[in-house]
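In: Sharing a model that was predicted from the sequence below.
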Amino acid sequence: MEIAPEIPITSTETSKNSIGKPAFSDGEGIHILVIRLSAMGDVAMTVPVISALLKQYPNVKVTVLTRAFFSPLFSEVKNVTVYEADVKSKHKGIFGLWKLYKELKCLNTDMVADLHNVLRSNILRQYFRLGSIPFVQMDKGRAEKKALTSLSHKVFEPLKTTHQRYADVFGKLGMPIDLENASPLPKRAIAPSTMELVKGKERKWLGIAPFAAFDGKMYPLDLMEKVVHILNETGGYKILLFGGGEREKIILDKWDSIYENSINLVGKLTFKEELALISQLNLMLAMDSGNAHLAALFGVPTLTLWGVTHPYAGFYPFKQDPQNALLADREQFPLIPTSVYGNKYPPGYENVMRTIVPEDVLSKIEEIINGQLSR
């Protein structure tokens, strides 16, 4: 098990923008279309950047083009409107994207910040060129990430964070952002029905999100259950289990039935209600996954476990303490990181996360909680 090395969170990049306009003092009258269609963690990472933008340029208006499901992420960010992209139906394919462009054109946006840079947004870029609307895309750093994850010619060094890559897009549009002074979102009020479900706050609320999109970045479930078992035995925590989908529900239902201080939340809350609950956690334990980014939005201390991915790729939760990351042992598995998303790893790397023992996870949880109590 390794502790994450120091990770640069921001940069001071405020270079001259690429569209030939001066920086705006307050963005008076500027309407920006922001494109970020998926996935949940990546969309969540746009929130602190957009919040910082609007704090620095209070008269800017932002429309975020994304899935309707993600709307609650932006619901309490002033001057932000969400426009639904229905890429599986109405806006599917080239003709669907043309229809989407015509809808977006009616919004009278002044410029476009593409924080996704995929085929769909590249097609939209061609359409927006017809109207001569400035359109800046994020640099994903694909070559750097390829070098970082290479199995034969690895360049193991920290890359620019995704948050800073997002911020750089706005800088190129004439509005550089200082992420150093970005603030977490305020905690949200919990619905009475949610309070009834979790049964009060006489104990510390510990969120656990044990799943990830790919096995390469998911802590073995037998080890995670051991963590839950020991936490349950202490009696000091209300263990709130997060996940999604039928398979995950079945697993967490089992834990819910065995461990009296745990509650499986799958299918019991709307995304809006889930966000409010996450905002009130004392700590979130998660993988390199979306739930870590959701907790970080609200400044909730977030303990992350890393397998074949690594914080150096730039996806560390926003403004979280670098010491709150437990990494698989690179002395035993020197090819880590083997991929950016956790979907690729060579033979023999299936069990890299077993080098993070449950005792280390429990010790780190105790350290973080005790640190809160000492403040």
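Out: Nice, thanks for sending it over.
In: Lowest average confidence across helices and strands of the protein, where is it?
Out: strand 2-3 (a mean of 55; mean pLDDT, DSSP states H and E).
In: then the very next helix or strand once past that strand to CSV, C-alphas only?
Out: Following strand 2-3 in sequence order, the next helix or strand is strand 31-35 (DSSP states H and E). Output in CSV follows, covering the C-alpha atoms of strand 31-35 (Å, rounded to 0.1, in the frame of the first residue of the first chain):
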residue,chain,number,x,y,z
HIS,A,31,-23.4,33.8,-22.3
ILE,A,32,-21.2,30.7,-22.4
LEU,A,33,-22.4,27.3,-23.6
VAL,A,34,-20.5,24.5,-21.7
ILE,A,35,-20.5,21.0,-23.2
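In: Buried residues in stretch 231-250, which are they?
Out: Leu231, Asn232, Tyr237, Lys238, Ile239, Leu240, Leu241, Phe242, Gly243, Gly244, Glu248, Lys249 (16 or more other C-beta atoms under 10 Å). Heads up, the C-betas are built off the backbone N, CA and C, glycines and all.
In: tell me which element Asp42 is part of?
Out: helix 40-56.
In: Run a quick neighbour tally on the residue lying closest to Ala147 once chain neighbours are set aside.
Out: Spatial nearest neighbour of Ala147, excluding adjacent residues (C-beta to C-beta, 6 or more residues apart in numbering): Val155 at 4.0 Å. For Val155, the neighbour count with other C-beta atoms under 10 Å is 12.
In: quick one, what contacts Val155?
Out: Glu144, Ala147, Leu148 (C-beta atoms under 8 Å, 6 or more residues apart in numbering).
In: Between these, identify the one with the most neighbours.
Out: Leu148 (22 neighbours).
In: what comes up buried for the helix holding Asp42?
Out: Per 16+ other C-beta under 10 Å, helix 40-56 contains these buried residues: 40-54, 56.
In: Same check on stretch 181-196?
Out: Here stretch 181-196 shows Ala182, Pro184, Leu185, Arg188, Ile190, Thr194 as buried, counting by 16+ other C-beta under 10 Å.
In: What segments of the stretch 251-375 of the chain are helices?
Out: 271-279, 290-297, 358-373 (DSSP state H, counting those that start in this stretch).
In: Touching the first one from outside, list them.
Out: For helix 271-279, the surrounding residues in contact (C-beta under 8 Å, 6+ apart) are 69-70, 72-73, 75, 185-191, 193-194, 198, 207, 240, 242, 265, 269, 284, 291, 294-295, 297-298, 300.
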